[in-house]
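K.L.:
Quick one: sequence plus predicted model below, questions after.
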Amino acid sequence: MLLPLDKKIQLELIKKGIKAARIARKCGVSRWTTYAVMRGKIKALKYREAICEATGLPLSIWDEIDRDKKEA
């Protein structure tokens with residue numbers, strides 16, 4: 001079974017021992033904002049870049065998340 005992409009991002013954060021709160025502090029936003037970005041509800045590039053930098057995932061993963069949201 002394939003993982004939803006937002007879960008894939010969360011899994012990468014867990015593997016690297018990084019909490020969403022750390023990314024939120026770095027960006028100056030709440031943890032809720034960080035999770036909303038991971039779920040594709042907020043599309044701000046600077047937050048997406050911070051998450052990709054922390055996880056090591058490519059920025060192109062957001063294209064897939066946006067496409068999945070449109071299809072749903």
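P.N.:
Nice, thanks for sending it over.

K.L.:
Let me see the mean pLDDT of the host helix or strand of Lys70.
P.N.:
Assigned by DSSP states H and E, Lys70 belongs to helix 61-71. On average, the pLDDT along helix 61-71 is 80.

K.L.:
neighbouring contacts of that helix?
P.N.:
Here helix 61-71 makes contact (CB atoms under 8 Å, 6 or more residues apart in numbering) with 4-6, 8-9, 40, 43, 48, 52. Quick note: C-beta positions are derived from backbone N, CA and C, even for glycine.

K.L.:
Against Cys27, how distant is Leu3?
P.N.:
Applying CB to CB, to the nearest Å, the value for Leu3 to Cys27 is 24 Å.

K.L.:
Just want to know which of the two has more residues nearby.
P.N.:
Neighbours were counted for Leu3 and for Cys27 using other CB atoms under 10 Å; Cys27 has more, 17 against 10.

K.L.:
OK, contacts around that one?
P.N.:
The contact partners of Cys27, by CB under 8 Å, 6+ apart, come to 33-34, 46-47, 50.
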